[in-house]
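Trainee: Turn this into a structure:
(chains A and B)
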Amino acid sequence: MTIKVKLGIYNLKVITKEFIAILQLNKMTKIGFCIFTFILLLAVLADYIAPYNPYERVGPPLSPPSMKYMLGTNDIGQDILSELIYGARTSLLIGFTAAIVGTIIGVLIGLASGYFGGIVDEVLMRLTDAWLSIPTLLFTIFLVALTSRITLFPTIYSIILAISLTSWPGTARLVRSRVLSIKESPYIESALAIGASSTRIMFKHILPNVTPIIVVTIIMTTARAILVEASLGFLGLGDPTVKSWGMMIHYAMKRNAIILGMWWWFIPPGILISLLVLSAYLIGIGLEEYYNPRLRRI
Amino acid sequence: MKKFLLRRLYTSIITFFIVITFVFFVIRFTGDPLAELEDDPRITPEVLDKIRALFGLDKPIHIQYIDYLVNMFRGELGYSLHYKRPVIDVICSKLPYTLMLLIPSITLSNYIAYKLGVECGWRRRSTFDLIVSSIAFTIRSIPYFWLAILFLYIFSVQLRITPLFGAISPGKGGFSLSLDWIMDYLWHYILPFTVLTLRASLALIPYVRNALIEVLEEDYIVTAHAKGIPLKTVKYSHVARNAILPVITIMGLRYAFLIDGAILTETVFSYPGTGKVVFEAIINRDYWLLQGAVVILTLSVIIVNLIVDLIYALLDPRIRYR
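Mentor: Numbering: from 1, shown residues only, chains lettered A, B, ... in the order given. The predicted model follows:
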């Protein structure tokens, strides 16, 4: 029995085949994929590989790295290595979810704007332009800080909401420009002629042709979302009930770890954030080159 | 050109309206603006009602919105609960520090990105291009704040050649033009400035490079070479001159990213600018101050983008002569 998972015009077999082709195309993409898998494994297997429970006091506070605590302990005696491993979960979860939600918003706005044109296009594009020119992080901060008036402290959900609400305009512009060119194709005209509804044309005929762009933007937006999440955590706007790399650096800074030279507290989380973002960018670039062969010559 | 600029002006005003409307609704829908005062035991419910009436918070929401717009144009952004001063005063006293960081930084980083990007694109796939491009790519993945922390750790903590925090040593007093004061200011200035410029210029290089490569394939470049024009002239007058146009718009958009960078960098170096104000507003839950910072900083982004559009119009003959 063959398993067929339908995702638009794709099924599992096609996806696997494409996936292997993408990996073979570019050495950097392979490296990116390896780093990404490593961090993903950290997140998935956190319960098994973390030496201690990161939420419990397991040793004397502020102890330097030793055989017992490989990266030392933080100001309340939690094991830093375990914190790091559990932090991978938060980064990946928030990064991916925010990127997917943000991309969905962007795709819907881009589709509507490109397909309907006229006044809809004018209104949506003014909104997109406005959103594109504002400082993203500043607005994310604003949204998270104010929504935490209701929830008392920033939660994973309010962070995801804020990041996705500020990450869609690029996608909307990109999708719109593609829709504008696809709209002129003969098959759209035929679909119109046999009386297909606008929704059907948009989602059945145009959307599958934009899928490659969507896949690339989800990956690229994930990278940006992870950076924004880390920056929010650093500014003290992380969810205090979960471990996150940004929050770790926030507490390290607050307890003067930098001035006291406790590098094991603030260097490793930064390296992990950078590696995760780098791997996402590398994968994204590989995908871009795969779908747009013109880029390979550059 | 007039038409182009008028259109841009119109877009900017629309953008500003969208932003302040958004800010207004986010503030109103996330809770009572006076919630922080309700917890204060010294304030009785009657006084609270009086304050509510004083600020017009008992009026219907659309009237409040109009009041808000009017106040916005009169520069009244509310009262900072932490600083106990009007928000506009707090921000205006901090803004010079941030602008003194941002304006030189954006100018220098654009220049560096232009020079290095042109060089990379012109000699694409050479060792030089490979090195610069990979550095640019890697730096793009490093969070701003962590880069700043690394600089602080290496130069201030380990090497002890730069100060640990602030814009001025304690006891140096306010602004003066004495050599002593300026040297002290520059001494504090160098690290945040380097971090911002490094990050901003490296982020821009790939754009310049790719734009340049696209122009390299144009027919008129082949013609220019065929005519025997010196390579240097082709490089700067034909290739770079045409490649720079699409990049200029991106340079304007990068200013918004630079503000995000300033928030993080100023926090790391405890530099007393507007970015630090944003951080303090978060920590102290001073929502009026945060709102004021958002409005003023967005306004500065809009103004910078207008200036960039003006430069664009002057550089692009298709718009200049229309």
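Trainee: Low-confidence bits of chain B, can you list those?
Mentor: Within chain B, the stretches with pLDDT under 70 are B:33, B:36, B:322.
Trainee: Which residue ranges of it form helices?
Mentor: B:2-29, B:35-38, B:45-54, B:61-73, B:87-122, B:127-141, B:144-151, B:179-216, B:219-226, B:231-233, B:241-268, B:274-283, B:287-315, B:317-320 (DSSP state H).
Trainee: With mean neighbour count and distance to chain A added, can I get these in a markdown table?
Mentor: C-beta coordinates here come from the backbone N, C-alpha and C atoms, glycine included. Formatted as a markdown table, the helices of chain B follow (neighbours: other CB atoms under 10 Å in any protein chain shown; distance: least, CB to the nearest CB, whole Å):
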| stretch | mean neighbour count | distance to chain A |
| --- | --- | --- |
| helix B:2-29 | 16 | 4 |
| helix B:35-38 | 13 | 7 |
| helix B:45-54 | 12 | 17 |
| helix B:61-73 | 13 | 15 |
| helix B:87-122 | 20 | 9 |
| helix B:127-141 | 16 | 4 |
| helix B:144-151 | 24 | 4 |
| helix B:179-216 | 19 | 5 |
| helix B:219-226 | 12 | 16 |
| helix B:231-233 | 10 | 21 |
| helix B:241-268 | 22 | 4 |
| helix B:274-283 | 25 | 5 |
| helix B:287-315 | 20 | 5 |
| helix B:317-320 | 12 | 18 |
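Trainee: Check the spacing between B:Ile190 and A:Ile160 real quick.
Mentor: B:Ile190 sits 38 Å away from A:Ile160, going by CB to CB, to the nearest Å.
Trainee: picking that back up, what would the helices of chain B look like in a markdown table with distance to A:Gly72?
Mentor: A markdown table is the format used below for those (distance: least, CB to CB, whole Å):
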| stretch | distance to A:Gly72 |
| --- | --- |
| helix B:2-29 | 40 |
| helix B:35-38 | 38 |
| helix B:45-54 | 49 |
| helix B:61-73 | 49 |
| helix B:87-122 | 34 |
| helix B:127-141 | 25 |
| helix B:144-151 | 17 |
| helix B:179-216 | 26 |
| helix B:219-226 | 58 |
| helix B:231-233 | 56 |
| helix B:241-268 | 21 |
| helix B:274-283 | 26 |
| helix B:287-315 | 35 |
| helix B:317-320 | 59 |
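Trainee: closest one to A:Val44 among those?
Mentor: Of all the helices of chain B, it is helix B:127-141 that lies closest to A:Val44, at 22.3 Å by CB to CB.
Trainee: tell me the contacts of A:Ala191?
Mentor: Applying CB atoms under 8 Å, 6 or more residues apart in numbering or on different chains, we find A:Ala191 in contact with A:200-201, A:205.
Trainee: ok so, going back, relative to A:Ser274, tell me which of the helices of chain B wins on proximity.
Mentor: helix B:127-141 (5.1 Å).
Trainee: now the closest one and helix B:87-122, what's the angle there?
Mentor: Counting by axes from the mean of the first three to the mean of the last three CA atoms, to 10 degrees, helix B:127-141 lies at 150 degrees to helix B:87-122.
Trainee: Can you list the neighbours in contact with helix B:127-141?
Mentor: Outside helix B:127-141, the residues within contact range by CB under 8 Å, 6+ apart are A:223, A:227, A:274-275, A:277-278, A:281, B:116, B:119-121, B:123, B:147, B:198-199, B:202-203, B:205-206, B:209.
Trainee: Next, name the residue at the spatial heart of the chain.
Mentor: Going with chain A. A:Thr222 (1.7 Å; CA atoms, centre = their mean).
Trainee: You answered for a different chain; I wanted chain B.
Mentor: The centre of chain B sits closest to B:Ile259, judged by CA atoms, centre = their mean, with a distance of 2.8 Å.
Trainee: quick one: the residue nearest to that one when sequence neighbours are not counted from B:Thr274, how far?
Mentor: Of all residues not flanking B:Ile259 in the chain, A:Pro135 sits nearest, at 4.3 Å (CB to CB, 6 or more residues apart in numbering or on different chains). For A:Pro135, the distance to B:Thr274 (CB to CB) stands at 11 Å.
Trainee: Mind listing the shared neighbours of the two?
Mentor: Common neighbours of A:Pro135 and B:Thr274 are listed as B:Leu297 (criterion: CB under 8 Å, 6+ apart).
Trainee: quick one: low-confidence parts of chain A?
Mentor: In chain A, residues with pLDDT under 70: A:1-11, A:295-298.
Trainee: longest helix anywhere in it?
Mentor: Max-length helix for chain A by DSSP H is helix A:80-116.
Trainee: which parts of the helix or strand just after that helix are buried?
Mentor: Using DSSP states H and E, the next helix or strand after helix A:80-116 towards the C-terminus is helix A:118-133. Buried residues in helix A:118-133, counting neighbours by 16 or more other CB atoms under 10 Å in any protein chain shown, are found at A:121, A:124-133.
Trainee: would you list those in TSV and tack on distance to B:Leu6?
Mentor: Formatted as TSV, the buried residues of helix A:118-133 follow (distance: CB to CB, whole Å):
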residue	distance to B:Leu6
A:Asp121	20
A:Leu124	22
A:Met125	18
A:Arg126	15
A:Leu127	21
A:Thr128	21
A:Asp129	16
A:Ala130	18
A:Trp131	22
A:Leu132	20
A:Ser133	18
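Trainee: With distance to chain B as extra columns, can I get the residues you listed in TSV?
Mentor: Listed next are the buried residues of helix A:118-133 as TSV, based on distance: CB to the nearest CB, whole Å:
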residue	distance to chain B
A:Asp121	14
A:Leu124	12
A:Met125	10
A:Arg126	5
A:Leu127	6
A:Thr128	10
A:Asp129	6
A:Ala130	4
A:Trp131	8
A:Leu132	7
A:Ser133	6
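Trainee: Quickly name whichever of these is closest to A:Ala193.
Mentor: Using CB to CB, the buried residues of helix A:118-133 come closest to A:Ala193 at A:Asp121, 23.2 Å.
Trainee: Hmm, that closest one is touching A:Gly110, no?
Mentor: No. When contacts are counted by CB atoms under 8 Å, A:Asp121 is not listed as touching A:Gly110 (10.3 Å).
Trainee: Which neighbours do the two have in common?
Mentor: The contact lists of A:Asp121 and A:Gly110 share A:Arg176, where a contact means CB under 8 Å, 6+ apart.
Trainee: List the residues that contact residue 214.
Mentor: Here I'm looking at chain A. A:103, A:107, A:171, A:175.
Trainee: that's the other chain; I wanted chain B
Mentor: So B:Glu214 contacts B:Ala243 (CB under 8 Å, 6+ apart).
Trainee: if I look at it, how far off is B:Leu245?
Mentor: B:Glu214 is 11 Å from B:Leu245, by CB to CB.
Trainee: that older thread, what number of residues lie near the residue nearest to B:Ile259?
Mentor: 25 (other CB atoms under 10 Å in any protein chain shown).
Trainee: wait, doesn't it sit right on B:Ala262?
Mentor: No. Assessed by CB under 8 Å, A:Pro135 is found out of contact with B:Ala262, at 9.1 Å.
Trainee: thinking again about what came up before, what about the longest helix of chain A and chain B, any contact?
Mentor: No. With CB under 8 Å from any CB of the partner chain as the criterion, chain B is not reached by helix A:80-116; the gap is at least 11.2 Å.
Trainee: what comes up buried for that helix?
Mentor: Buried residues in helix A:80-116, defined by neighbour count with 16+ other CB under 10 Å: A:80-103, A:105-115.
Trainee: now the angle from it to helix A:118-133?
Mentor: Helix A:80-116 and helix A:118-133 are oriented at 150 degrees to each other (the same axes, to 10 degrees).
Trainee: so what does helix A:80-116 touch, helix or strand wise?
Mentor: Other helices and strands packing on helix A:80-116, by 3 or more CB pairs under 8 Å, 6 or more residues apart in numbering or on different chains; DSSP states H and E, are helix A:27-44, helix A:46-49, helix A:118-133, helix A:156-166, helix A:169-182, helix A:207-234, helix A:245-254, helix A:263-291.
Trainee: I'd like these as JSON lines, with distance to B:Leu164 appended.
Mentor: Formatted as JSON lines, those follow (distance: least, CB to CB, whole Å):
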{"stretch": "helix A:27-44", "distance to B:Leu164": "33"}
{"stretch": "helix A:46-49", "distance to B:Leu164": "35"}
{"stretch": "helix A:118-133", "distance to B:Leu164": "35"}
{"stretch": "helix A:156-166", "distance to B:Leu164": "30"}
{"stretch": "helix A:169-182", "distance to B:Leu164": "38"}
{"stretch": "helix A:207-234", "distance to B:Leu164": "18"}
{"stretch": "helix A:245-254", "distance to B:Leu164": "12"}
{"stretch": "helix A:263-291", "distance to B:Leu164": "15"}
